[in-house]
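[1] what follows is a predicted protein model with its sequence.
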Amino acid sequence: MLGAPALALAVWALAVPLAGTTLTVRSGGGEQTVGPVAVAVASLLAGLAGWALLAVLERSAARPGRTWTIIALAVLALSLTGPLGGATGAAAALVLVLLHLAVAAVLVTGLVRR
């Protein structure tokens, strides 16, 4: 599960300090910069929420892995509406989408196998 924040921070580091992308989103009537702490915390919280859901499904669902994967992919699809609608530019939107996909790839493949 710690692989998700690590990969997200690697994507952020490549895109922001190295490539020079300005990563800002519209939030509450203004703009907010997305920094490494926000990236790490958001991906860690997503991992914890996914882990908790999987634990509940393992106790109550007939096919917990399959059910969890379907829910996780639906949540990913919904989460992509944020960067696509809130990013301040095309480069920021692309990086934010990549961040979401990177975290999802680690969590979907990693949590189901545990």
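    Here it is on my side, so go on.
[2] look at residue 114 and report its pLDDT.
    Listed pLDDT for residue 114 reads 61.
[3] tell me which residue of the protein is furthest from the middle?
    The outermost residue of the chain, judged against the average C-alpha position, is residue 62 (26.9 Å), by C-alpha atoms, centre = their mean.
[4] quick one: that residue is in a strand?
    No: going by DSSP: H, G, I helix; E, B strand; the rest coil, the assignment for residue 62 is coil, not a strand.
[5] distance check, it against residue 50.
    19 Å (C-beta to C-beta, to the nearest Å). In short, each C-beta sits where N, CA and C put it, glycine included.
[6] equivalent analysis for residue 96, please.
    From residue 96 to residue 50 the distance is 19 Å (C-beta to C-beta).
[7] of those two, which one has the most company?
    A side-by-side neighbour count of residue 96 and residue 50, using other C-beta atoms under 10 Å, places residue 96 first with 26 against 23.
[8] contact partners for that one?
    23, 25, 34, 82-83, 87 (C-beta atoms under 8 Å, 6 or more residues apart in numbering).
[9] give me the neighbour count for the nearest residue to residue 58 once chain neighbours are set aside.
    Nearest residue to residue 58, sequence neighbours excluded (C-beta to C-beta, 6 or more residues apart in numbering): residue 64, at 4.5 Å. By the criterion of other C-beta under 10 Å, residue 64 has 17 neighbours.
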